[in-house]
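# sequence first, then the predicted structure, then my questions.
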Amino acid sequence: MKILVLTDDNISHSHGTGAVLLKIMGNHPSEFLAHGYLNKVSATVMENSFHISVSDTSDNLSQTASAIFQHLDKTGFHPDLIYSNFYGVAGLRVLHAIIENSATLPPVIQHFHDLRIDSKNELFCLLARIQSRIARLWVLTHRMAQQLKESHIHKPIEIFNSFSSPEIPHPKQIHYPFTPRFKAVMLGNVWMPQVMPTLRMTWRALCNTMPGLGPIQWYSHPFSVENLKRNGQETGFEIKHLGFAPVLSEVLPKADIAVVPFNLKDPPENDYAKCSLPSRLAELTMAGLPIFAIASPGTSVRDFIIQNGIGTCACPSDGNSALYKSLSDLAADQERRKEFGEKARSLALAEYDMKRIRKKYFDAFTQTLSESKGKRI
């Protein structure tokens, strides 16, 4: 099966969605994959990738579609299926142009991992125009589905999880009392750099009650720190960036809690904050770690953690002392941490097994293809 993957940011290890798609598509033969992207955020690791140049005018968008078709013809790549991972207006414009300028078309799956809605709601207008020609419409969270339904998208919407984690054979099992050896980890990018001063202040307050407590250990692509600096933020002494973790299965179980700094405001700052989930939750739960998140009510992150009983959440709007109290109470209560960690591990085994997620994806691709006439570009 030849698959054309369309994304906003090029698929790489530097961002969550890229890492997610690499886990899923990484074992698919490279000659059966092509990848078109709008923005290059770091080195592309997927072969047969090409940049899509975008302009706002309809004429130029038609030219963009033609350029994509010409590139595929030139490389001899004729997809059996298009998997679109676009999340905003620019990408939906391209997908609309592809669909409108194609006499024949392979089945298209539009999968929203994130949702970035413009002030004029053009994203919904574009999706409404092409929904009848999309084979399947997938979203990552219930809040995304609700957002689309409220915007008069009538296409059936399927909540389709793509998060996965390699097996961690020896997860966190023994939860020790809160001492200076207590260890917290962060994993992956910080989407909202503005949350870092709040996290640093909260961790600093905890350190003041436990002399000798070390910094939060942060494992992520170097891009993460570069992004912080571009936004005028620093890690300070409260957070130590350690680059990529050499082996997650060895690093994560040694921690006592996982920290997820997500957003600050209630109601959430925007639709991305409201609807999205950090992909690294899969590995954190697979390691059996209890989670402390800075996340406001009305976010999918808070829904996920509270509804699954795997940790605690707080944000500044909960009150001046809520963040510190939520973190310090969790640190002090080893039985509660044990309960959260066990539930996290059970959730991950049921939902995030990498082999099962890959199989689910390609089973869905195969079913979509069999339900169509298999027309090609």
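Thanks, I have the structure now. Not measured: the values here are computed from a predicted model. Numbering: from 1, shown residues only.
# outline the domain layout of this protein.
Following automatic domain parsing, one finds the domains of the chain at 3-164+353-371, 184-351.
# how about the ones you listed in a markdown table, adding mean pLDDT, distance to residue 174 and mean neighbour count?
Yep, even glycine has a C-beta here, placed from its N, CA and C like the rest. Supplementary listing: these in a markdown table, determined by pLDDT from 0 to 100; distance: least, C-beta to C-beta, whole Å; neighbours: other C-beta atoms under 10 Å:
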| stretch | mean pLDDT | distance to residue 174 | mean neighbour count |
| --- | --- | --- | --- |
| domain 3-164+353-371 | 91 | 24 | 17 |
| domain 184-351 | 95 | 9 | 19 |
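# residue contacts, residue 262?
Residue 262 makes contacts with 191, 192, 195, 273, 278, 293, 294, 295, 299, 301, as judged by C-beta atoms under 8 Å, 6 or more residues apart in numbering.
# if we go to 7 Å?
By C-beta atoms under 7 Å, 6 or more residues apart in numbering, the residues touching residue 262 are 192, 195, 278, 293, 294, 295, 299, 301.
# got the domains of the chain as a markdown table, with distance to residue 176 columns?
Converted to a markdown table, those look like this (distance: least, C-beta to C-beta, whole Å):
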| stretch | distance to residue 176 |
| --- | --- |
| domain 3-164+353-371 | 28 |
| domain 184-351 | 7 |
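# please enumerate the helices of the stretch 201-350 of the chain.
Applying DSSP state H, counting those that start in this stretch to the stretch 201-350 of the chain gives helices spanning 222-230, 248-251, 271-275, 281-286, 300-308, 322-332, 334-351.
# residue 207: which of the ones you listed is closest?
helix 322-332 (10.8 Å; C-beta to C-beta).
# which helices and strands does the closest one pack with?
Of the remaining helices and strands, those touching helix 322-332 by 3 or more C-beta pairs under 7 Å, 6 or more residues apart in numbering; DSSP states H and E are helix 196-209, strand 291-294, strand 311-314.
# report the distance from the second one to the chain centre.
In other words, strand 291-294. For strand 291-294, the separation from the chain centroid amounts to 16 Å (computed by C-alpha atoms, centre = their mean, to the nearest Å).
# show me what that strand is packed up against.
Other elements packing on strand 291-294 under the criterion 3+ C-beta pairs under 7 Å, 6+ apart are strand 257-261, helix 300-308, strand 311-314, helix 322-332.
# report the distance from stretch 136-155 to the chain centre.
17 Å.
# do the same with stretch 68-80
29 Å.
# looking at the helices and strands packed on strand 291-294, which is closest to residue 156?
For the helices and strands packed on strand 291-294, proximity to residue 156 was assessed by C-beta to C-beta; helix 300-308 is nearest, at 20.4 Å.
# and the contacts of the closest one?
Residues from elsewhere that reach helix 300-308, judged by C-beta under 7 Å, 6+ apart: 141, 143, 260, 262, 275-277, 281, 291, 293, 295-296, 311, 313, 343, 347.
# how does it look with 6 Å?
141, 143, 262, 275, 277, 291, 293, 295, 311, 313, 347 (C-beta atoms under 6 Å, 6 or more residues apart in numbering).
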